[in-house]
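[1] pasted the sequence and its predicted model underneath.
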Amino acid sequence: MSASRVRSVFSSSHSVVLNTRRLHQRSVRSLPFASFYSSRLGRTEVSRCKAAIIYSLQQKRHQSSSDKAKEQKPPQPPLPPSKLLLRVLRQSLTFRPIFSAFRGQSLRSLFRQSPEELVLAIILLCAAAGVAIYVVYAYFNYFQSKQFTRFPPQIAKSLRRALYYSNYSPDPKLALKYYKLALEQCSEAGLDPFSDEVLGIRIQLAAWFEKIGSYRNSIEVLEALLRDCKKWVEVMEKSVQEGLVNNHGRLADAPKPPPHMPAEDNESDTPPSPENLWAKRTRILGKSVGISVKLGELYSDEHVLQGDSAGERLVWAVETVLKELQRRQVEGVKEDEGDWMTPEQIGGALEALGNHYESKSQHYLAAPLFLQAISLSPPNSCHTAVLMNNLAISLAQQPVQASPDSSQRSQTDRSNMVTHPTRSTMLASARSWALQAQATAQKVQGEDRSDECDEACAVALCNLGDIAVMAGDIEEAKRRFKESLSLSKRIAFEPGTTQAEEGLKRLSTNP
């Protein structure tokens, strides 16, 4: 483009700008109040802008001052770890998301999307809830039961740990540590060493030793406990002979405690009367008999096999039971002395001694003990059938003295020999008791019936087979052995099956 043309375009544009300025000046001059209005309008707009700016600056200053005040507040102290842990557990164990997921519309949509997974999730939730309820129930039913709450808190804590490391998380060292600690705490707390609680801890310790196979330690614990109980009974009886104990079962110099007057509105919370010395003697002597019987069983165990020691403990237990019964019949029952051992407990001691004599083939000593135990046992009991079987075997295996020649007997000897049983008489008596054992086991019904009844029936049939063999009745023996074998297989009784098969094998090899 030429320079002259650029110059003309520039001049034309400049003239246009000048013309517009002139038009504006003319229009302003044509209005007399225009200058005044424009100046006032300009000032008003400026003042408004200034006010808005000032207000915004003040607001910003106020906000910044408040933020600084907030920032200048002292920081809150941190929560302790226990509260922090509780807050975390509370947030993690909330069921609000689960409940919101199981609302009507959400549940229907979930079921439409994946019905199998929803049903499986509900089953798993129900199973988890059941497990949680069972754990809570087991905790309060076992660890918070009366067997722990009767002790002071520290002793109860040691016992819980001892039982935990004994049964739930087996650790012999820790279990023994807490058992010993509990006994030491009982001594420090001043608890009566012959109370049921303290004696129970020592008995539990012996049972735990037996459970883990430490029979020697179990025997040592029970022997020490039996010595302590015997010593207390001896001192008490000596005090009675010396007149140190009055007829009320208390020390002669001790004042009689005043009778307790219960309140009329709270009669159910009346504390029990204190135990006198006669009642304590009955309790400790009964414990001693039970401990002695248990020692007899441990000494007879295949891991120990000390038959003489077992016999001594069992004989002492039976003699103590019979002496106490005789004393009560002669002297009468003392004040608050309480009942002696129950018939079942006495029968258990007699049975234990009978089993000991039977293991040593002393059947002539075992039979009277079994007979006495049967008389003390309930008639409708499965264990009564077991005792009858034991008596039948003892009678069948008793040796019979050979009868002397008639030419060498006098008339007096003949009259005496009538009282001695013959072999056929003993077998007939044994067969009668075996049949009675079978009938007793069959007639027990309801809650009293247990697996012991079926096993007693199988043993009675085997005993009838053995008695028939001794009597020479082979056909009867085969029939009884087959019946016992069938019943033993039906009830899965391995000892009965073995005994019946051995009986049939003997008959097949020795027709």
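    Sure thing, it's come through.

[2] next one: residue 58, what pLDDT does it get?
    At residue 58, the pLDDT value in this model is 49.

[3] counting contacts, what elements does the host helix or strand of residue 284 pack onto?
    In the assignment (DSSP states H and E), residue 284 maps to helix 277-300. Other helices and strands packing on helix 277-300, by 3 or more C-beta pairs under 8 Å, 6 or more residues apart in numbering; DSSP states H and E, are helix 196-211, helix 215-241, helix 307-331, helix 343-359. Every residue, glycine included, has its C-beta placed from N, CA and C.

[4] save the ones you listed as a markdown table, and put in mean neighbour count, mean pLDDT and distance to residue 445 too.
    Shown next, in a markdown table, are these (neighbours: other C-beta atoms under 10 Å; pLDDT from 0 to 100; distance: least, C-beta to C-beta, whole Å):
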| stretch | mean neighbour count | mean pLDDT | distance to residue 445 |
| --- | --- | --- | --- |
| helix 196-211 | 18 | 92 | 33 |
| helix 215-241 | 16 | 91 | 38 |
| helix 307-331 | 16 | 91 | 32 |
| helix 343-359 | 20 | 90 | 20 |
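
[5] pipe these into TSV and attach distance to residue 155 per row.
    Formatted as TSV, these follow (distance: least, C-beta to C-beta, whole Å):
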stretch	distance to residue 155
helix 196-211	9
helix 215-241	18
helix 307-331	30
helix 343-359	29
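
[6] quick one: closest of these to residue 284.
    helix 215-241 (5.1 Å; C-beta to C-beta).

[7] which other helices and strands does the closest one contact?
    Using 3+ C-beta pairs under 8 Å, 6+ apart, helix 215-241 is in contact with helix 196-211, helix 277-300.

[8] dump the longest one to PDB, restricted to CA.
    Taking Å, rounded to 0.1, in the frame of the first residue of the first chain, the C-alpha atoms of helix 277-300 are listed here in PDB:
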ATOM      1  CA  LEU A 277     -17.200 -78.400 115.900                       C
ATOM      2  CA  TRP A 278     -19.400 -81.500 115.600                       C
ATOM      3  CA  ALA A 279     -20.800 -80.400 112.200                       C
ATOM      4  CA  LYS A 280     -17.200 -79.600 111.100                       C
ATOM      5  CA  ARG A 281     -16.100 -83.000 112.200                       C
ATOM      6  CA  THR A 282     -18.800 -84.700 110.200                       C
ATOM      7  CA  ARG A 283     -17.900 -82.800 107.100                       C
ATOM      8  CA  ILE A 284     -14.100 -83.300 107.300                       C
ATOM      9  CA  LEU A 285     -14.500 -87.000 108.200                       C
ATOM     10  CA  GLY A 286     -16.700 -87.500 105.200                       C
ATOM     11  CA  LYS A 287     -14.100 -85.700 103.000                       C
ATOM     12  CA  SER A 288     -11.400 -88.000 104.400                       C
ATOM     13  CA  VAL A 289     -13.400 -91.100 103.500                       C
ATOM     14  CA  GLY A 290     -13.800 -89.900  99.900                       C
ATOM     15  CA  ILE A 291     -10.200 -88.900  99.600                       C
ATOM     16  CA  SER A 292      -9.100 -92.300 100.900                       C
ATOM     17  CA  VAL A 293     -11.300 -94.100  98.400                       C
ATOM     18  CA  LYS A 294      -9.800 -92.000  95.600                       C
ATOM     19  CA  LEU A 295      -6.300 -92.900  96.800                       C
ATOM     20  CA  GLY A 296      -7.200 -96.600  96.600                       C
ATOM     21  CA  GLU A 297      -8.300 -96.100  93.000                       C
ATOM     22  CA  LEU A 298      -5.100 -94.300  92.100                       C
ATOM     23  CA  TYR A 299      -2.800 -96.800  93.800                       C
ATOM     24  CA  SER A 300      -4.700 -99.600  91.900                       C
END
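
[9] quick revisit: residue 127 is nearest to which of the helices and strands packed on helix 277-300?
    helix 196-211 (31.6 Å).

[10] which residues are contacting the closest one?
    Outside helix 196-211, the residues within contact range by C-beta atoms under 8 Å, 6 or more residues apart in numbering are 147, 150-151, 159, 166, 175, 179, 182-183, 186, 191-193, 215, 217-218, 221-222, 225, 283, 287, 291, 294, 298.

[11] now those residues: which count as buried?
    Buried residues within the contacts of helix 196-211, counting neighbours by 16 or more other C-beta atoms under 10 Å: 151, 159, 166, 175, 179, 182-183, 186, 191, 215, 217-218, 221-222, 225, 283, 287, 291, 294, 298.

[12] any figure for the gap between the nearest residue to residue 303 once chain neighbours are set aside and residue 295?
    Excluding the flanking residues, the one nearest residue 303 by C-beta to C-beta, 6 or more residues apart in numbering is residue 215, at 5.1 Å. To residue 295, residue 215 is 11 Å away according to C-beta to C-beta, to the nearest Å.

[13] residue 216 now?
    12 Å.

[14] please apply the same query to residue 330.
    29 Å.

[15] same check on residue 448?
    Counting by C-beta to C-beta - residue 448 and residue 295 are separated by 30 Å.

[16] what about those two, which has more around it?
    residue 295 (25 against 11; other C-beta atoms under 10 Å).

[17] which residues does that one contact?
    With C-beta under 8 Å, 6+ apart, residue 295 has these contacts: 219, 222-223, 226, 309-310, 313.

[18] swap in 6 Å and give it another go.
    Applying C-beta atoms under 6 Å, 6 or more residues apart in numbering, we find residue 295 in contact with 222, 313.

[19] can you check residue 165 too?
    Contacts of residue 165 (C-beta under 6 Å, 6+ apart): 171, 174-175.

[20] next one: residue 236
    Per C-beta under 6 Å, 6+ apart, neighbours of residue 236: 277, 281.

[21] mind starting the numbering at 217 from now?
    Yes, from this point I'll number from 217; that puts the last item at residue 452.

[22] next one: it from residue 555, what distance?
    Distance from residue 452 to residue 555, by C-beta to C-beta: 18 Å.
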